[in-house]
Each structure stands twice: as structure tokens, then as C-alpha cells.
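K.L.:
Can you look at this prediction? I've put the sequence above it.
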Amino acid sequence: MTPTESFERAREVLLRHREDLEAARAEFRWPVLTEFNWAWDWFDVLAARSDKPALRIVSETGEGRRVHEATYRELSERSIRLARYLHDHGVARGDRVLVMLTNVMPLWETMLAAMRLGAVVIPATVQLTPDDVDDRIARGDVRHIVADGEGAKKLRRPERLRVRLAVGGAEGFTTYEDALEAPPVLARVATRASDPLLLYFTSGTTAKPKLVLHTHESYPVGHLSTMYWLGLR
């Protein structure tokens, strides 16, 4: 059974027994995966099957409600373009990428792109101070950054990082939109299910923030339980 088939079978059981907890418990089995990459093995499968909206971001502005929407195919292509740019400019498997963005389309495109390359994403709030950014770069062994214009200003020594992308542009940064001009062609990078995918810094409420690791299995596959608990269909 392929990783896609294993993941889809587990997901299908939960959806089929959405209103029958005991049946779900009896039939559900966690996928047993050796290699898995959610971007290649699942997201692109959905992109090939339909052109339905994959992401819809609704925001309230002074001018009223704004809606940004992208289909599976659009996100797949844009994330491949971004991954190609990152790869061509030195982002390698295992490299840590600091991502400082609000809930905007580039956040999700960057997550997919990094996943495709086997790079490790360190998500960060845009409210970090320059001292916080220095700390995350040092303790997270960060080599690359994707940020918005305000976040870019908090990087004291840009030359420390190899790839620097800024949504909308910033001094010393390549414009994120320019990176999307890369060709939508990318050789697949194999990732083990146990490979690191995300490194989260905790809130640091009682002590210095600690690093929490998620793998290519623990985060996307683990979210099957979240899907069922929330009642998503």
C-alpha cells in the first residue's frame, strides 16, 4: 500500500463513521508509514482530482470584508514555483526556515514549499521583537527567512541568512512575488515519516521558550484525530 493509500484509508474511515464513535474506534488504524510527504502524497492528489477551493481567507478591513481564495491546483503550482526558487537559491533538506507572516496566502504557500523540499519550518508571530528574532535564529539554527515588510526590519544582520524573502519587498530582501516567477518544475525530495517538519517555539510563559518538534507523520497524520474531534467533513 502506498503512503497516499494508507493515509486516505484512515481518513475515509473517520469520515464514513463521522456519527458513530464506536464504529470509528473499532475500524480506525493509524497509517503505518516509512516515507511520507503530505504536500506530494496528499495535497497534490487533491489538486489532480478537482479544482475546488482549498483555502479561503476572510479578513475585515476599513473598506469592508475581503476574501482571498485559492484552489488546490493554484496552491499546488504556486508552492512548487516557490519551492523551485528556494531550492535553486540554496534551501536544502533539513534547513530551518523562519516564517514570520500573518494569516495570508504566502504563509500556506511557504509551508507547502518547505514541506516539498524537506526543509523545516519555524513558524513565528509577527509580534516578535528584534531580540526574539535573534534568539530564534540562534537556537533554531535558522538559515533562511520568509517575512512581511515589518518582520524584515527586525532582522538585525540579514547577511547571516542565505535566502531572505519579504512579502511586498524590503531592503536586503528578495520580493516574495518575484520568487513565484520560478518555473513550476521540481524534482521530488523523499522525506521519511520521522523527518522533522515543524519546530515550534513555546510561548515562554514561565521560562525561556522551548523548541517543540513535529515530524512529517506526527503533524499532518496526527491531525486526523483533530479532524474527527472537530467534526470536519
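P.N.:
Received the coordinates, thanks. Source: prediction; values computed, not measured. Residues are numbered from 1 along each chain as shown.
K.L.:
which residues of this protein score low on pLDDT?
P.N.:
In the predicted model of the chain, residues 62 satisfy pLDDT under 70.
K.L.:
In it, mark out all the helices, start to finish.
P.N.:
Ranges of helices within the chain are 3-16, 21-27, 38, 44-49, 72-88, 105-117, 130-139, 149-152, 176-179, 223-230, based on DSSP state H.
K.L.:
Output the fourth one as PDB, restricted to C-alpha atoms.
P.N.:
So the one you mean is helix 44-49. As requested, C-alpha coordinates have been extracted for helix 44-49 and formatted as PDB (Å, rounded to 0.1, in the frame of the first residue of the first chain):
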ATOM      1  CA  ASP A  44      -1.200  17.200  -5.000                       C
ATOM      2  CA  VAL A  45      -3.600  14.200  -5.200                       C
ATOM      3  CA  LEU A  46      -6.400  16.500  -4.300                       C
ATOM      4  CA  ALA A  47      -5.200  19.100  -6.800                       C
ATOM      5  CA  ALA A  48      -5.300  16.400  -9.500                       C
ATOM      6  CA  ARG A  49      -8.800  15.300  -8.600                       C
END
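K.L.:
Between the helices of the chain, which one is closest to V58.
P.N.:
V58 lies closest to helix 105-117 among those, at 12.4 Å (C-beta to C-beta). Any C-beta I mention is one placed from the backbone N, CA and C, and that applies to glycine too.
K.L.:
Which other helices and strands does that closest one contact?
P.N.:
strand 53-61, helix 72-88, strand 96-100, strand 120-124 (3 or more C-beta pairs under 8 Å, 6 or more residues apart in numbering; DSSP states H and E).
K.L.:
so can I have CSV of those showing distance to R233?
P.N.:
Listed next are the helices and strands packed on helix 105-117 as CSV, based on distance: least, C-beta to C-beta, whole Å:
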stretch, distance to R233
strand 53-61, 15
helix 72-88, 17
strand 96-100, 29
strand 120-124, 26
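K.L.:
now for these, which one comes closest to T2?
P.N.:
Using C-beta to C-beta as the criterion, the shortest distance between T2 and the helices and strands packed on helix 105-117 is 18.5 Å, found for helix 72-88.
K.L.:
And that closest one, what's buried?
P.N.:
Of the residues in helix 72-88, those scored as buried under the neighbour-count criterion (16 or more other C-beta atoms under 10 Å) are 72-87.
K.L.:
Which residues does it contact?
P.N.:
Contacts of helix 72-88 from elsewhere in the structure, counted by C-beta atoms under 8 Å, 6 or more residues apart in numbering, are 39, 43-44, 46-47, 49-52, 54-55, 70, 97, 108-110, 112-114, 116-117, 119, 144, 163, 179-186.
K.L.:
hang on, the earlier thing: for L197, find the nearest of the helices of the chain.
P.N.:
helix 105-117 (6.5 Å).
K.L.:
Okay, angle between that closest one and helix 72-88 too, please.
P.N.:
Following axes from the mean of the first three to the mean of the last three C-alpha atoms, to 10 degrees, one obtains 60 degrees for the angle between helix 105-117 and helix 72-88.
K.L.:
closest to Y228 out of the helices and strands packed on helix 105-117?
P.N.:
Between Y228 and the helices and strands packed on helix 105-117, the shortest separation by C-beta to C-beta is 20.2 Å, and it involves strand 53-61.
K.L.:
Having no further points to raise, I will conclude here.
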